[in-house]
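Visitor: okay, sequence plus prediction incoming.
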Amino acid sequence: MKYRYSTFQKFKPNNYYSHEEVSDAYLEVENLLSQDYLKTAGTYSGWYDSSKPSKERTSPVQHRVSELGPDCTLAKCDFTLMDMIGRDEVWDKWFYFHLPKEFVLNNQTRVLDNKVPELVSIFRKFCIEVIEGKLNKQQIQVLAKEYDKKYPDEYPLPTPRPQRPGWRFDLEVSMLCSVLYDGIIFPIAYNNPKEILERGTHRALIFALTGNDIPIFVFNDMHTDNEVVKLWTHHNFSNIIYDIEINIPEEKINILNRENEIISSYNTCS
C-alpha cells in the first residue's frame, strides 16, 4: 500500500478503530495537503453539516494535487465531503480493511458518473499502457492526445457535467498520475455500514490499476466487534451487485453473488 503520507500507515487491516482515531487521521492529512498544495474552491474543513439549508452551505476545501494531462485532480477529504447521516448520534467505531485489487480489476465496469462499460474499458487500456510502458509525464500527455483523437466521441448519456471525450468522462488522467507518482492520499470512507462503492469508484479503479489494494473504512453501527463483516457493492461499481464477507479470524474475504454462492475468495492478513 503506497500512501502519500505516513498518517494512515498505523492502521492495520481487519481491525476496528475509534471514531476519534479515524477522524483525526483524515483531518491531519487534509492539513498536510494544505501545506503542500494549492487550495482551490471550498471554504470549510471538518464535518459537513447537511442540516443547514442549501443556500447556507458552502463547498469543502479542495486541493489541486495533480494537473498533469488534460485535466486537474482536486483532492477532498472524505470526512469533509460525506453527507453525515447519523448526526447527533453516537459514532462508535470504524472497520478498516483492504479490498483486493484483483476483485476490482476483474469486476468493476463503471464509475460514479460514467455508466458505459465500453468507455471505462478504454480508460483502463490507457492506464495499462501508461503503467506497463513506464511512460514519463510528457509521454503521458502525448498518449492522452492520441486517445482523444482516436476516441473523440463525447459521453452519450444525459449528464449535468461538462462534456469531454467519453473515454475519460468522469475519469481523470491526472488522478492516475497523482496515485502512480505520489501515492494514495485518503482511504475511501463510507458512513453507510453495509453498502460500499457508490462513491470512491474512480479511486478504487485507479488504486487497483496502479497495483494497490483498496483501503476502506466502513462505519460500524453494531457497537460490537463482529468477527464477520458483511457488505455489498453499489451498482455504480458494476451492473452486478456483489456481496462481500470479511472473515476476520480466518483472514479471508469471500465474494458472493445474489444467490449466496461464493464466486471468489481472497486471503487477507491482519
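Guide: Received, thanks.
Visitor: show me the strands in the protein, by range?
Guide: Using DSSP state E, the strands of the chain run over 15-18, 38-39, 63-66, 73-75, 93-99, 188-190, 195-196, 214-220, 228-233, 243-247, 252-256, 262-267.
Visitor: identify, by residue count, the longest helix of this protein.
Guide: Scanning the chain for the longest helix, with DSSP state H as the assignment, gives helix 19-36.
Visitor: hmm, back to that, out of the strands of the chain, nearest to Pro160?
Guide: In terms of Cβ to Cβ, the element of the strands of the chain nearest to Pro160 is strand 73-75, at 17.5 Å. The way it works is simple: take the backbone N, C-alpha and C, and place the C-beta from them, glycine included.
Visitor: so where's the protein uncertain?
Guide: Residues of the chain that meet the criterion pLDDT under 70 lie in 41-60, 69, 80-91, 221-224, 269-270.
Visitor: hmm, back to that, can you add mean neighbour count and distance to Ser178 and give the strands of the chain back as JSON lines?
Guide: Listed next are these as JSON lines, based on neighbours: other Cβ atoms under 10 Å; distance: least, Cβ to Cβ, whole Å:
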{"stretch": "strand 15-18", "mean neighbour count": "15", "distance to Ser178": "26"}
{"stretch": "strand 38-39", "mean neighbour count": "13", "distance to Ser178": "14"}
{"stretch": "strand 63-66", "mean neighbour count": "21", "distance to Ser178": "4"}
{"stretch": "strand 73-75", "mean neighbour count": "21", "distance to Ser178": "5"}
{"stretch": "strand 93-99", "mean neighbour count": "23", "distance to Ser178": "20"}
{"stretch": "strand 188-190", "mean neighbour count": "22", "distance to Ser178": "15"}
{"stretch": "strand 195-196", "mean neighbour count": "18", "distance to Ser178": "22"}
{"stretch": "strand 214-220", "mean neighbour count": "22", "distance to Ser178": "16"}
{"stretch": "strand 228-233", "mean neighbour count": "18", "distance to Ser178": "24"}
{"stretch": "strand 243-247", "mean neighbour count": "19", "distance to Ser178": "27"}
{"stretch": "strand 252-256", "mean neighbour count": "19", "distance to Ser178": "27"}
{"stretch": "strand 262-267", "mean neighbour count": "14", "distance to Ser178": "26"}
